[in-house]
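**Q** please work out how this folds:
(6 chains)
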There are 6 protein chains.
Amino acid sequence: MLIQVVNPNTTASMTDLIGRSARAAAGPGTAVVAVHPEMGPASIESHYDEALAVPGLLARIAAGEAAGADGHVVACFGDPGLDAARELAAGPVVGIAEASMRTATYLGRTFGVVTTLQRTTGRAWELAGRYGVREQCRTVRAVEIPVLALESDPAARSRIAAECADVVGTDGCDAIVLGCAGMADLAAELTVRIGVPVVDGVAAAVTIVEGLVRLGLSTGKRGEFAAPPPKRYTGALEQFGVGAPVAAPEWEVSR
Amino acid sequence: MLIQVVNPNTTASMTDLIGRSARAAAGPGTAVVAVHPEMGPASIESHYDEALAVPGLLARIAAGEAAGADGHVVACFGDPGLDAARELAAGPVVGIAEASMRTATYLGRTFGVVTTLQRTTGRAWELAGRYGVREQCRTVRAVEIPVLALESDPAARSRIAAECADVVGTDGCDAIVLGCAGMADLAAELTVRIGVPVVDGVAAAVTIVEGLVRLGLSTGKRGEFAAPPPKRYTGALEQFGVGAPVAAPEWEVSR
Amino acid sequence: MLIQVVNPNTTASMTDLIGRSARAAAGPGTAVVAVHPEMGPASIESHYDEALAVPGLLARIAAGEAAGADGHVVACFGDPGLDAARELAAGPVVGIAEASMRTATYLGRTFGVVTTLQRTTGRAWELAGRYGVREQCRTVRAVEIPVLALESDPAARSRIAAECADVVGTDGCDAIVLGCAGMADLAAELTVRIGVPVVDGVAAAVTIVEGLVRLGLSTGKRGEFAAPPPKRYTGALEQFGVGAPVAAPEWEVSR
Amino acid sequence: MLIQVVNPNTTASMTDLIGRSARAAAGPGTAVVAVHPEMGPASIESHYDEALAVPGLLARIAAGEAAGADGHVVACFGDPGLDAARELAAGPVVGIAEASMRTATYLGRTFGVVTTLQRTTGRAWELAGRYGVREQCRTVRAVEIPVLALESDPAARSRIAAECADVVGTDGCDAIVLGCAGMADLAAELTVRIGVPVVDGVAAAVTIVEGLVRLGLSTGKRGEFAAPPPKRYTGALEQFGVGAPVAAPEWEVSR
Amino acid sequence: MLIQVVNPNTTASMTDLIGRSARAAAGPGTAVVAVHPEMGPASIESHYDEALAVPGLLARIAAGEAAGADGHVVACFGDPGLDAARELAAGPVVGIAEASMRTATYLGRTFGVVTTLQRTTGRAWELAGRYGVREQCRTVRAVEIPVLALESDPAARSRIAAECADVVGTDGCDAIVLGCAGMADLAAELTVRIGVPVVDGVAAAVTIVEGLVRLGLSTGKRGEFAAPPPKRYTGALEQFGVGAPVAAPEWEVSR
Amino acid sequence: MLIQVVNPNTTASMTDLIGRSARAAAGPGTAVVAVHPEMGPASIESHYDEALAVPGLLARIAAGEAAGADGHVVACFGDPGLDAARELAAGPVVGIAEASMRTATYLGRTFGVVTTLQRTTGRAWELAGRYGVREQCRTVRAVEIPVLALESDPAARSRIAAECADVVGTDGCDAIVLGCAGMADLAAELTVRIGVPVVDGVAAAVTIVEGLVRLGLSTGKRGEFAAPPPKRYTGALEQFGVGAPVAAPEWEVSR
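**A** Numbering: from 1, shown residues only, chains lettered A, B, ... in the order given. I've put the predicted structure just below:
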């Protein structure tokens, strides 16, 4: 089984981090490739960034399908382009926000989200509502560390841990959801340190896609999520490969 | 006052139709320009189309701002790119789905939506939920006429009218919302024919933007909708003008 | 176009203030008349006041219709008598709570309400639920200044401003809704002072009614909001003019 | 214990019917007086009727308090004036819609409402939402018989029974709520005939008020429902007794 | 009329306390018997305790039916076994959480719950949602006193009072619900001391069952709550009396 | 990794069927044991059956923990005893209703449930609400085949298939959830036959538990789901092993 994990931003070091977390989560016999788009923003910290990341993300989904991926993970906590990706792909597509929030519901009654920037918390609340976990999600906290500084800021780890501790101490949550793919490597350590389960969406999404593929389940294709109808596209979008045969990437995967 | 109405697809005849409806709705002293992106799909009939329409739409929003537009309408019933457009623009931005659904709530207790294709009805229900009118929206009907066939199919008008009549007769709705910008010219006629108010989102959104501008109200900019943080962009997206000075279009507007 | 704004209390100075705000919001070519009932409470600060204000309000709606008003605004934040007014009037009727709350939804993700007395906050929350904006409305604050003291209390302005500032600073709201028609003159000043859009319901409602009238939209009359069935009325209510021909007021309107 | 049941319309025969149902529901030692306002509509079949019934209803609540009533029932399925009545009264006040809908929730998972006119069904749905039973309330049916014809129309009884049977047969509801005080005498017969519990709101409300009084519970008076603040009233409303001492009615009650 | 109140734990002194509160709430002519199961936990302070209390509780319901009880109260704030009890009993069955929460909705707009242990507050919130009062229930507080220590801990009374006072002072609630049957004797005293109505679920449930029996209303039996289908049971459960004739207890009731 | 799947009824042939489905869903290296309680009902078709199945189910959870199970599946569509099981177990516990409904949300916008008896559909709707998928769950259908007849009734398969087809044809659902563990062997066949993904909860729950265990995630234990406090138990419940050391079963597992 081959699962493609798409980091929708164009920062290679973050793709590497996501790939490591994804591979650690996959079961025996499951190969994981982590990729990012050829075009788009270096990080996603606004609705604008998100909107401009989607075309490149979708090109990756299409290419991954052509290359034989059995399923896909969209590895950004805003779950950008999820509906469109489900139209494009034959295999299942899962976002890390939906995966982590729903996974948290198996671990207790309530959870809190700890994310990067305050300006992204509105979207987190919106997704909690869309995914039916608005009641379980008791708080969304921001550490005010930009996405790409998660790797470089030496204080990042301790600030995230402090916020997680407060989610448990003040809000009494049973579990924590990490609200950024760039925090994927912190879940195990924080689970021990904080004493409640801490969910990384990348890992959660990989296990869910793996399960769906094993069960032969994928997006229902008889209605809203059927393949997009053929359409005339104009302008620079041709460069997204629209209308052209999609070249399968040459992946080197170690299962 | 200058309002820019952006048709997010690239079909000029539809932009013309939308422009006529928008201008008819605007008050004295308000100029309206109707534009469409330079790139993107000819019509929006899937989540994929919608996703790929957004970059071109956002370029239009940025250009319109540079050209002095006081406010913007996003003229597609999926309200694509709305959050991102609000980050980009200083003036207010209103989508036709939110405008028409909320307008309908002033006209009675319940409304029904009549739209083009069955596969778009899921998004309509989702937006009804997001806009807090899930209870008022009693039905979403599709006439199964593609967006661009609305103009050319001689049976379109009567099929839409028949569906509207059934929304009133069967579901007892107080009002009807037309679920596609391409139906903008039908509202007045249908209001008379069906005997309940029929809302065209383009017209509704124009009057709302006009009101907001007159009252000096625009998107709150101290949190989630502040201008997007500067960011390194990679690849073909540079062609969207990211990072480059935005050229103001030369509009010829008759007020 | 002629819009009637009804202040449901019987205090003339407040009607004047509301009228000034309404006229400032109206577009060119739109005339506004601001009136109040001949009977009823001097201000509305309880459910009891509200209930007893409604008959006089409805008499004004009926008289306004007879005088040729194209639409009506109910200028009290509890939106009293709205459903009944919609049955009576051929033209659209909009309340300032629904108008301001829905207007705020175009300006960001969240808003807070700043109102007069604590005892009215329950109704504000109830209306937020009824209008589908319970999630967007993050806080309702009272300054504990009686309605009629808004004009006379020298500290009113600064206390309202302080509460507005806290709505943004503590709750992080994108916008503010002023929860009393008696605050109508403060919106513009507060928008500048607080740095987020501040919505006055009177102005918001006027622009919405204006838009509806221009689009030829009014309350759907084929079901719940059809004209009330003729009915025998007993007692002092005859003095409300029930059953008698409604005399059109002699309005002097400057368009 | 003395419970006052207020029929908010001015039709004496309906007050009699309501009084009989109320007295049959009251326990030993509880006296019931059934009254109607001195002014107002002969029946309530529109929002307009409801609004104009409220002042007379409130006068009855005030008079009942003065006469020593321990609690009050508002006997119209729209629960008109309930919030204001709670401000006025020291004792508990319960509406028949809230009483019957909440009572139905003890009798199974789902219920349906059978009421008079189609135009009142919107209000029934609204109340179901306000009372938190929107999910349990599966259907609201109208028999299209005017309120006052319930007594005189020989077909009324069988049409109501047929609708009740269909609520069970088609919607599978566990219980039925009668949506008009004028149906109060039908509940027992229908419970037997249809085979599921059929709830009359008048009886339900009487037992609830009786329970509250016995437990020493009444409206919380430290916030929203404190007595209305004193206020200057203008015009014909003085005839409602506002400001004047309320004369206690001379009730003849048989306990 | 005979109402059986079942304390689902096996502590006799708590059954006595519950019985006293229940008898005080019952009207003239209504007899109350308070019982507890022959097997099960001494108190219910976890989901595990609750699950293991249910079989003994259901045996009591069956025995009470055989003994001629007209209705039943389940006297634990988690409302354990309620659905199953409704299947077993011909008469109505009411839980103290549903009874007290719904009773509180007649007393104002909002209420707060004061209960024993923090770990039970999740269930209280869940029940508030299930009973449709999630919006009215503004806070759930725990005094961290174990159920059986309510009788013996000399500080219990003052800690509960302090928490109740804070529910009013800080959260501004109109009413309070006591979240444990073991607090049944405190309601009257606290109502006076705190100045808002304080609802004891045992008393509330007794008056509701009494009202239902008087009105001839009981669980609808044509669908979900029909008697359980006959079934082969295995193992120790035979000792619950499954399949065996249920012996009616010899009750000594003073009406 | 060892996952224990507990069939809460006592029918061995159904445990075998569930075990086969569970083992087929598990990944390489994961062992599955399927067990049922020593006491309880032969099938679960009422709330009464469910309540009496729980003690035996919990004994199995405790025994499985003692025997080294890493996680548990509760294999009945009512998810009985789930909260209590989470208190008892150190490892994760997942019910098949929550697993299948949440899994369906990854496969499209909407799903329908096809289950056995009409009287169980109320619980299915309740669980859909509790799990936040009330909006996605568009229909719950019963084939009126008793649980144990699923194996023996030759028409079962075709009636289930017909109902599934109608869920897609009439309600337009993107996916189907099988509402009984006894249907576990039908999912793959139906997915092909109906043309939309058909989810078996047993398989779905196994893959979710497997993922949780692999990620080191289990129930948060610092609040509501901490181990139950020690407690005195009375009567026949001692036979459930309460207070006694739990004997680990001798499992023969083939990984």
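**Q** show me the shaky parts of the stretch 151-255 of chain A.
**A** Filtered on pLDDT under 70, the stretch 151-255 of chain A yields the residue ranges A:236-255.
**Q** look up how far A:Arg102 lies from the closest residue to chain F within the stretch 101-250 of chain A.
**A** Sorted by distance to chain F under Cβ to the nearest Cβ, the residues of the stretch 101-250 of chain A start with A:Gly132, at 2.4 Å. For every residue, glycine as well, the C-beta is placed using N, CA and C. Note on A:Gly132: its distance to A:Arg102, by Cβ to Cβ, to the nearest Å, is 8 Å.
**Q** can you tell me the helix or strand for the closest residue to the residue of the stretch 101-250 of chain A closest to chain F other than its chain neighbours?
**A** Counting by Cβ to Cβ, 6 or more residues apart in numbering or on different chains, A:Gly132 lies nearest to F:Gly132, which is 2.4 Å off, once chain neighbours are set aside. Assigned by DSSP states H and E, F:Gly132 falls within no helix or strand.
**Q** ramachandran coordinates for F:Gly132?
**A** phi 80, psi 20 (degrees, to the nearest 10).
**Q** residues contacting it?
**A** A:Thr105, A:Tyr131, A:Gly132, A:Val133, A:Arg134, A:Glu135, A:Gln136 (Cβ atoms under 8 Å, 6 or more residues apart in numbering or on different chains).
**Q** so the second one makes contact with A:Arg102?
**A** What that stands for is A:Tyr131. Yes - between A:Tyr131 and A:Arg102 there is a contact under Cβ atoms under 8 Å: 6.4 Å.
**Q** more neighbours, the two?
**A** Counted by other Cβ atoms under 10 Å in any protein chain shown, A:Tyr131 and A:Arg102 do not tie: A:Arg102 has more neighbours, with 28 against 24.
**Q** name the SS class of the more buried one, please.
**A** Under DSSP: H, G, I helix; E, B strand; the rest coil, the three-state class of A:Arg102 is helix.
**Q** skipping its backbone neighbours, what lies nearest the most centrally placed residue in chain A in space?
**A** Geometric centre of chain A, nearest residue: A:Ala75, 2.4 Å, by Cα atoms, centre = their mean. Nearest residue to A:Ala75, sequence neighbours excluded (Cβ to Cβ, 6+ apart): A:Ala181, at 4.4 Å.
**Q** that neighbour - how many residues pack around it?
**A** For A:Ala181, the neighbour count with other Cβ under 10 Å is 30.
**Q** one more: A:Val73?
**A** Number of residues near A:Val73 (other Cβ under 10 Å) recorded here: 30.
**Q** number of nearby residues for the closest residue to chain E within the stretch 51-200 of chain A?
**A** Per Cβ to the nearest Cβ, A:Arg109 is where the stretch 51-200 of chain A lies closest to chain E, at 4.5 Å. A total of 23 residues lie near A:Arg109 under the criterion other Cβ under 10 Å.
**Q** which phi and psi does it have?
**A** The phi/psi pair for A:Arg109 (degrees, to the nearest 10) reads phi -90, psi -30.
**Q** what sits against the closest residue in space to it that isn't next to it in sequence?
**A** Nearest residue to A:Arg109, sequence neighbours excluded (Cβ to Cβ, 6+ apart): E:Gly122, at 4.5 Å. By Cβ under 8 Å, 6+ apart, the contact set of E:Gly122 is A:Arg109, A:Thr110, F:Gly223, F:Glu224.
**Q** quick one, grab the pLDDT at the first one.
**A** The reference is to A:Arg109. Note on A:Arg109: pLDDT of 98.
**Q** of the contacts of F:Gly132, grab the buried ones for PyMOL.
**A** PyMOL command restricting these to the buried ones, with burial defined by 16 or more other Cβ atoms under 10 Å in any protein chain shown:
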select buried, chain A and resi 105+131+132+133+134+135+136
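**Q** identify, from the contacts of F:Gly132, the entry nearest to chain C.
**A** Closest approach to chain C among the contacts of F:Gly132 (Cβ to the nearest Cβ): A:Arg134, at 8.0 Å.
**Q** was I right to think the closest one contacts A:Ala128?
**A** Yes - counting by Cβ under 8 Å, A:Arg134 does reach A:Ala128; the two are 5.0 Å apart.
**Q** how about a markdown table for the contacts of E:Gly122, with secondary structure and distance to D:Ala187 added?
**A** Shown next, in a markdown table, are the contacts of E:Gly122 (DSSP: H, G, I helix; E, B strand; the rest coil; distance: Cβ to Cβ, whole Å):
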| residue | secondary structure | distance to D:Ala187 |
| --- | --- | --- |
| A:Arg109 | coil | 40 |
| A:Thr110 | coil | 42 |
| F:Gly223 | coil | 46 |
| F:Glu224 | coil | 42 |
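**Q** circling back to that earlier point, joint contacts of A:Gly132 and A:Arg102?
**A** Here A:Gly132 and A:Arg102 have F:Thr105 as joint contacts, going by Cβ under 8 Å, 6+ apart.
**Q** would you mind naming what in the stretch 101-250 of chain A lies close to chain B?
**A** Within reach of chain B by Cβ under 8 Å from any Cβ of the partner chain, the stretch 101-250 of chain A has these residues: A:118-123, A:126, A:130, A:146, A:223-226, A:228-229, A:231-237, A:239-240, A:242.
**Q** looking at this, the residue nearest to A:Arg109 is in a helix?
**A** Yes - counting by three-state DSSP, one finds E:Gly122 located in a helix.
**Q** where does the closest residue to A:Ala124 other than its chain neighbours fall, phi/psi-wise?
**A** Using Cβ to Cβ, 6+ apart and skipping the chain neighbours, the partner closest in space to A:Ala124 is A:Val140 (4.7 Å). Phi and psi for A:Val140, reported as degrees, to the nearest 10, are phi -130, psi 120.
**Q** which strand residues bridge A:Val140?
**A** A:Val113 (DSSP bridges).
**Q** so who does it touch?
**A** With contact taken as Cβ under 8 Å, 6+ apart, A:Val140 is in contact with A:Gly112, A:Val113, A:Thr115, A:Thr121, A:Ala124, A:Trp125, A:Ala128, A:Gly179.
**Q** quick one: the helix or strand A:Ala62 falls within near chain B?
**A** Assigned by DSSP H and E, A:Ala62 belongs to helix A:47-66. Yes - counting by Cβ under 8 Å from any Cβ, chain B is contacted by helix A:47-66 at A:His47, A:Tyr48, A:Asp49, A:Glu50, A:Ala51, A:Leu52, A:Val54, A:Pro55, A:Gly56, A:Leu58.
**Q** what's the burial count for the spatially closest residue to A:Leu212 that is not a sequence neighbour?
**A** Counting by Cβ to Cβ, 6+ apart, the nearest residue to A:Leu212 once its immediate chain neighbours are dropped is A:Pro92, at 4.2 Å. The tally of other residues near A:Pro92 (other Cβ under 10 Å) stands at 25.
**Q** residue contacts, A:Pro92?
**A** Contacts for A:Pro92 (Cβ under 8 Å, 6+ apart) come out as A:Gly71, A:His72, A:Val209, A:Leu212, A:Val213, A:Leu217, A:Ser218, A:Thr219, F:Tyr106, F:Leu107.
**Q** separation between it and F:Val94?
**A** 19 Å.
**Q** same question for A:Ala63.
**A** In this view, A:Ala63 and F:Val94 are 34 Å apart by Cβ to Cβ.
**Q** higher neighbour count, those two?
**A** Each of A:Ala63 and F:Val94 has its neighbours counted (other Cβ under 10 Å); F:Val94 has more, 29 against 21.
**Q** how close does that one get to F:Tyr131?
**A** 12 Å.
**Q** swap in A:Gly64?
**A** Computed with Cβ to Cβ, the distance linking A:Gly64 and F:Tyr131 is 30 Å.
**Q** next: A:Glu189.
**A** Counting by Cβ to Cβ - A:Glu189 and F:Tyr131 are separated by 30 Å.
**Q** ditto for A:Leu212
**A** A:Leu212 is 18 Å from F:Tyr131, by Cβ to Cβ.
**Q** understood, closing this out.
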